[in-house]
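Colleague: What follows is a predicted protein model with its sequence.
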Amino acid sequence: MRLLPIAAAIASTLALCPPVAATDPAAAAPEIRTIHCARLIDTDAGKLLGESTIVVEGARIKAVRSGNADVAGAKQRIDLPTSTCLPGLIDSHVHLTMEFGPTTYSDKFRLNIADFAIRGTVYAKRTLDAGFTTVRNLADIDGESIALRNAVNAGTIPGPRIFTAGKAIGSTGGHADPTDGYRNDLAGDPGPKDGIINSPEDAWKAVRQHYKDGADAIKIMPSGGVLDESTSVDNAQMTIEEIKAVVAAAHDYGFTVAAHAHGAEAIRRAILGGVDSIEHGTYMDDADMKLMKEHGTWLVPTIIAGKTAEEQAKIPGRYPPQVATKALLVGPIIQTTAGKAYKAGVKIAFGTDAGVYPHGQNAREFQYMVDAGMPPMFVIQAATTHAARLLKKEKDLGSITPGKFADVIAVDGNPLDDVALLQKVRFVMKAGEQFK
Ligand SMILES: [Zn+2]
């Protein structure tokens, strides 16, 4: 407090003196930089633009000019004369603190949560280097993705902007049960604090716990899954009352709700329960697709996860036998369903289930989506404008538009001619900071 008059005196002295620092507004304003691209993808309009100049002021886009424009006062000029620029990509479904490998099923008995957190810092950087400047982290082990998000936000480690669901919410013995497959004396009886609910009352407690823990979104498991050690991939594991309670509680706190669901009945219940997105959607039937459209529910297909699980299931001993059986069922279907959903007019956001396959290979999903019948511009929009809307962050993310965050990536060549080019991102800027 005693310092205040001194500070005020210094400030007034500076204000009265005429040196350059006090009169040059640029000295205090955020730095202006320009990015010069051979082509630019306007994801809002779904158009490929020619030579363009992106003007970045601090963390945000200030302007987009056509041609190779000179901008007065620019402190840095980034020339990408052979590149196509596009907005930073958004993966709506990742698991940044885990990655499947030969020891995954025993790791949970040997590794501590700190081990997962530290690995997450490496996976986060790989994801950012691959051009994914924003991710939705749909479940971790014990809140370590919240620490990861905080470290990225504080600038402690490089990584994508993370919106995390913390722990998944599901029922006893289901896809979210952290003790699935454990010996009885080790399994205990996880409850709402661990994400395990068996009533609408439990649902409220679990969501409120997520608010306390610092989550940004909610992930539920209304159907069985591939990689847990139970037997069914598609059975319904939550009642519609439980799902509605999760959604009502989530909305109190401004959370969106993502529902992992393979089975048609679980998908139906999740849509009617009011979730924002269906993840995977493998056995989605025509009635589900109609409901998806009526309710405006997003599909996040994660084709690469199905493909990877199917490949891994063929390696003897890689998965427990019941997991291998489930993986071989889901793998061949998930891509076909995604293609049907696109044709039916279901809203689709890009998401990959990163961690099921190695982090950093997220962009392989673009090729799988195109192979399923989706046009290249559509799959790029799925990972930009669509994913931003699913996050309810379309004012800040998803396109290179004045006012939005300066999340810009570049690839050589034209990814609309060959989406596989998105697997070779050469330039990455997130919020005005150049990482690659
Ligand atoms: Zn997942």
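Modeller: Okay, I see it. Note that the structure is a prediction, hence the values are computed from the model and not measured.

Colleague: where's residue 266 relative to residue 282, distance?
Modeller: 10 Å (C-beta to C-beta, to the nearest Å). Glycine gets a C-beta too; all of them are placed from N, C-alpha and C.

Colleague: Check the contact lists of the two and give me the overlap.
Modeller: residue 234 (C-beta atoms under 8 Å, 6 or more residues apart in numbering).

Colleague: Can you tell me the closest non-neighbouring residue to residue 307?
Modeller: residue 331 (6.1 Å; C-beta to C-beta, 6 or more residues apart in numbering).

Colleague: which strands and helices sit next to the helix or strand encompassing residue 309?
Modeller: In this assignment (DSSP states H and E), residue 309 forms part of helix 303-313. Here helix 303-313 touches helix 321-344, helix 364-371, going by 3 or more C-beta pairs under 8 Å, 6 or more residues apart in numbering; DSSP states H and E.

Colleague: Pull out the buried positions in it.
Modeller: Of the residues in helix 303-313, 303-310, 312-313 count as buried by neighbour count, 16 or more other C-beta atoms under 10 Å.

Colleague: Ok, stretch 407-427 next?
Modeller: Neighbour count says stretch 407-427 has 407-411, 415-416, 419, 421-423, 425, 427 buried, by 16+ other C-beta under 10 Å.

Colleague: do the same with stretch 394-411
Modeller: 394, 396-401, 404-411.

Colleague: Same question for stretch 333-350.
Modeller: Those would be 333-335, 337-342, 346-350, for stretch 333-350 by 16+ other C-beta under 10 Å.

Colleague: before we move on, back to that, and the helices and strands packed on helix 303-313, which one averages the lowest pLDDT?
Modeller: When the helices and strands packed on helix 303-313 are compared by mean pLDDT, helix 321-344 comes last with a mean of 92.

Colleague: Name the next helix or strand following it along the chain.
Modeller: Downstream of helix 321-344 (by DSSP H and E), the next one is strand 347-348.

Colleague: For the chain, which element, helix or strand, carries the lowest mean pLDDT?
Modeller: helix 4-16 (a mean of 43; mean pLDDT, DSSP states H and E).

Colleague: domain assignment for this structure?
Modeller: Following automatic domain parsing, the chain resolves into domains at 24-87+400-434, 89-391.

Colleague: Now the shortest one: average pLDDT?
Modeller: With pLDDT averaged residue by residue, domain 24-87+400-434 scores 95.

Colleague: Now find how far off-centre that domain is within its chain.
Modeller: Between the centre of domain 24-87+400-434 and the centre of its chain there are 22 Å (C-alpha atoms, centre = their mean, to the nearest Å).

Colleague: likewise stretch 232-241?
Modeller: With C-alpha atoms, centre = their mean, you get 24 Å for stretch 232-241.

Colleague: And for stretch 254-268?
Modeller: That offset, for stretch 254-268, works out to 16 Å (C-alpha atoms, centre = their mean).

Colleague: What's the end-to-end length of that stretch?
Modeller: 23 Å (C-alpha to C-alpha, to the nearest Å).

Colleague: can you redo the helices and strands packed on helix 303-313 as TSV with distance to residue 431?
Modeller: Output for the helices and strands packed on helix 303-313, formatted as TSV (distance: least, C-beta to C-beta, whole Å):
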stretch	distance to residue 431
helix 321-344	31
helix 364-371	24
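
Colleague: Show me the one of these that comes nearest residue 181.
Modeller: helix 321-344 (9.3 Å; C-beta to C-beta).

Colleague: May I have the closest one as CSV, with CA atoms only?
Modeller: C-alpha atoms of helix 321-344 as CSV (Å, rounded to 0.1, in the frame of the first residue of the first chain):
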residue,chain,number,x,y,z
PRO,A,321,-9.6,-62.1,-25.7
GLN,A,322,-13.0,-60.5,-25.0
VAL,A,323,-11.6,-57.0,-26.1
ALA,A,324,-10.2,-58.5,-29.3
THR,A,325,-13.6,-60.0,-30.1
LYS,A,326,-15.3,-56.6,-29.6
ALA,A,327,-12.6,-54.8,-31.7
LEU,A,328,-13.1,-57.2,-34.6
LEU,A,329,-16.9,-56.5,-34.5
VAL,A,330,-16.7,-52.7,-34.4
GLY,A,331,-13.7,-52.0,-36.7
PRO,A,332,-15.4,-52.9,-40.0
ILE,A,333,-18.7,-51.1,-39.2
ILE,A,334,-17.7,-47.7,-37.9
GLN,A,335,-16.6,-46.2,-41.2
THR,A,336,-19.7,-47.4,-43.1
THR,A,337,-22.0,-45.9,-40.4
ALA,A,338,-20.1,-42.6,-40.6
GLY,A,339,-20.7,-42.5,-44.4
LYS,A,340,-24.4,-43.3,-44.0
ALA,A,341,-24.8,-40.6,-41.3
TYR,A,342,-23.2,-38.1,-43.6
LYS,A,343,-25.5,-39.0,-46.5
ALA,A,344,-28.5,-38.8,-44.1
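
Colleague: Good, we can wrap up now.
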